[in-house]
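**Q** turn this into a structure:
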Amino acid sequence: MRFLELREKDVINCKTGDKLGNVIDIEFDPNTGCILFLIVPKMNHILSCFSKNATYVIPYKRIVKLGKDTILVDIIEKDCLK
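**A** Next up, the predicted model:
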């Protein structure tokens, strides 16, 4: 799978069913080339111009399923919010 394909998928928290957003970046280990984290900006709803830009840093091991259109993750959102 290419990174561009990964960016088009919706990231869904399977604990809550909430859409977190879309992948904008990844962090990987330069020694092994393995993906460590998915970086997903927090979707802002109301008053987004007044809120601080936050991102979810989701450990790769927390991915439950890579589907055709979605990426299911099993996270506690407040623990991954940076």
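**Q** who's the spatially most central residue of the chain bridged to?
**A** For the chain, residue 40 is the residue whose C-alpha lies nearest the centre (Cα atoms, centre = their mean; 3.9 Å). Per DSSP bridges, the residues bridged to residue 40 are residue 56.
**Q** from residue 20, how far off is it?
**A** 5 Å (Cβ to Cβ, to the nearest Å). C-beta coordinates here come from the backbone N, C-alpha and C atoms, glycine included.
**Q** what do these two both touch?
**A** Both residue 40 and residue 20 are contacted by 11, 56, 58, under the criterion Cβ atoms under 8 Å, 6 or more residues apart in numbering.
**Q** let me know the closest of those residues to residue 78.
**A** Using Cβ to Cβ, residue 56 comes nearest to residue 78 of the shared contacts of residue 40 and residue 20, at 10.1 Å.
**Q** thought residue 21 was touching the closest one, still the case?
**A** Yes - using Cβ atoms under 8 Å, residue 56 makes contact with residue 21 at a distance of 7.3 Å.
**Q** ok, those two, which is more surrounded?
**A** Taking other Cβ atoms under 10 Å, residue 56 and residue 21 do not tie; residue 56 has more neighbours (23 against 17).
**Q** give the residue spans of this protein that score low on pLDDT.
**A** Residues of the chain meeting the criterion pLDDT under 70: 45-52.
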